[in-house]
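*Asks:* Compute the structure for the input listed below.
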Amino acid sequence: MRSTPPVRVEVLVFGARDGVLHYDPRGGEVTGDRHPDGVTADLAGGALTLLHSTSWRYADGQVVLTYAAVLDGRPGPGARVLPEHGIARSPDPRVPSPPHVCPDAVATHAARHLAWLRATDPVAGAALATVPPVHDALDRHVPDLAGSISAELNEQHVFI
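*Replies:* Take a look at the predicted model:
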């Protein structure tokens, strides 16, 4: 009998400095009957302004749920600058999962997702407006969802 793979959550805590997004990746296991949202909120720490699920993937025998979190907008001590990065995609149309997904690609996707929410979701947009550094830094990111590849991004031919 096949068992259900373990579920892991990762939360990318976003902050901004000088108009540039930073992210602090944190991760943990979902155990027992805990909801992934609760595990992720605990991992994010602090007072949440926004918590949103942005993607999932299967890696190393686990289902990994990715969340974006915004606290007070200041990058934490473990945060890294989000460089300009392409999105991860597979070069094979029959195999949708990329062979490798690096942390910056996951964070780039999450930033695009936050920018999309800012523009389309009044609740998320209002929450992000209370954190001007992050709200404004999202201007540098194309608002889009998973699988949406603009002509500009498509020309980058990023297979990560």
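
*Asks:* Poorly predicted segments of the protein, please.
*Replies:* 1-2, 144-160 (pLDDT under 70).

*Asks:* quick one, what contacts the most centrally placed residue in the chain?
*Replies:* Among the residues of the chain, the one closest to the centroid is Ala110, at 2.9 Å (C-alpha atoms, centre = their mean). By C-beta atoms under 8 Å, 6 or more residues apart in numbering, the contact list for Ala110 reads Leu12, Phe14, Tyr23, Thr54, Ser55, Thr66, Ala68. Using the backbone N, CA and C atoms, a C-beta is placed for each residue, glycine as well.

*Asks:* ok but it is inside a helix, no?
*Replies:* Yes: checked against DSSP: H, G, I helix; E, B strand; the rest coil, Ala110 lies within a helix.

*Asks:* quick one, strands of this protein?
*Replies:* Listed in chain order, the strands of the chain (DSSP state E) span 7-17, 20-29, 50-59, 62-70, 80-81.

*Asks:* Adding distance to Asp37 and mean neighbour count as columns, could you present those strands in TSV?
*Replies:* Below are the strands of the chain laid out as TSV (distance: least, C-beta to C-beta, whole Å; neighbours: other C-beta atoms under 10 Å):
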stretch	distance to Asp37	mean neighbour count
strand 7-17	9	23
strand 20-29	13	19
strand 50-59	7	17
strand 62-70	8	22
strand 80-81	24	12
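
*Asks:* is it possible to export those to a markdown table including distance to Cys102?
*Replies:* Converted to a markdown table, the strands of the chain look like this (distance: least, C-beta to C-beta, whole Å):
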| stretch | distance to Cys102 |
| --- | --- |
| strand 7-17 | 13 |
| strand 20-29 | 11 |
| strand 50-59 | 12 |
| strand 62-70 | 13 |
| strand 80-81 | 12 |
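
*Asks:* The ones you listed: which one's closest to Ala124?
*Replies:* The closest of the strands of the chain to Ala124 is strand 50-59. By C-beta to C-beta, the value is 6.1 Å.

*Asks:* hmm, back to that, next one: the residue nearest to the centre of the chain from Pro91, what distance?
*Replies:* Using C-beta to C-beta, to the nearest Å, one gets 23 Å for the distance from Ala110 to Pro91.

*Asks:* now swap in Pro83 and tell me
*Replies:* From Pro83 to Pro91 the distance is 22 Å (C-beta to C-beta).

*Asks:* likewise Thr31?
*Replies:* 36 Å.

*Asks:* what's the burial count for Thr4?
*Replies:* Residue neighbour count, defined by other C-beta atoms under 10 Å, stands at 6 for Thr4.
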